[in-house]
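Colleague: Pasting a predicted model and its sequence here:
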Amino acid sequence: MELEEAGKYIFGINENGNKFRPSDWVERIASTLGNYDASRRLRYNPYVIPTKLDGQYCLFVADILAAINPPAYQFVMDFVASNRLRVKGSFTPEPDMELQFVA
């Protein structure tokens, strides 16, 4: 899957360097914003995707989500703020950047 959107990577580490619990928070957030297809298989929102970056499991949130679905974007950003999670800023990944998407 090739990613063309700029976005944020949210890691399960808080500002103090402690691991965030529960450990399945990425799947919980992504599934909350996903939906089920005709075969009853969960499909993640294309703008909120569980992924790995630099060997760490994280949640990618595309910046365009703020324009397409402001309440969903605010939900994720409020979650990040209230749990003081680390975010790797807003940027557009380089074409050769290795991103591993979990489907």
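Modeller: Perfect, thanks for sending it. The structure displayed is predicted, hence computed values, not measured ones.
Colleague: By residue count, tell me the biggest helix in this protein.
Modeller: What stands out as the longest helix in the chain, according to DSSP state H, is helix 70-83.
Colleague: shaky segments in this protein?
Modeller: Along the chain, the parts satisfying pLDDT under 70 run over 1-5, 90-103.
Colleague: mind redoing it with 90?
Modeller: Regions of the chain meeting the criterion pLDDT under 90 cover residues 1-6, 14-17, 23, 53-56, 88-103.
Colleague: all strands of it, in order?
Modeller: 7-14, 35-36, 42-43, 48-53, 56-62, 85-91, 100-101 (DSSP state E).
Colleague: What residues of the first one count as buried?
Modeller: Right, strand 7-14. G7, K8, Y9, I10, F11, G12 (16 or more other Cβ atoms under 10 Å). Every C-beta, even on glycine, is put in place using the N, C-alpha and C of the backbone.
Colleague: Please apply the same query to the fourth one.
Modeller: Of the residues in strand 48-53, those with enough neighbours to count as buried (16+ other Cβ under 10 Å) are V48, I49, P50, T51, L53.
Colleague: Find the nearest non-adjacent residue to the first one, please.
Modeller: Spatial nearest neighbour of V48, chain neighbours left out: L33 (4.7 Å); criterion: Cβ to Cβ, 6 or more residues apart in numbering.
Colleague: burial count for that neighbour?
Modeller: 18 (other Cβ atoms under 10 Å).
Colleague: from the buried residues of strand 7-14, which single one is nearest W25?
Modeller: G12 (6.2 Å; Cβ to Cβ).
Colleague: how close does the nearest residue to N45 once chain neighbours are set aside get to F60?
Modeller: Among residues not flanking N45 along the chain, L33 sits closest, at 4.4 Å (Cβ to Cβ, 6+ apart). Separation of L33 from F60 (Cβ to Cβ, to the nearest Å) stands at 12 Å.
Colleague: hey, what's in contact with both of these two?
Modeller: Shared contacts of L33 and F60 (Cβ atoms under 8 Å, 6 or more residues apart in numbering): V48.
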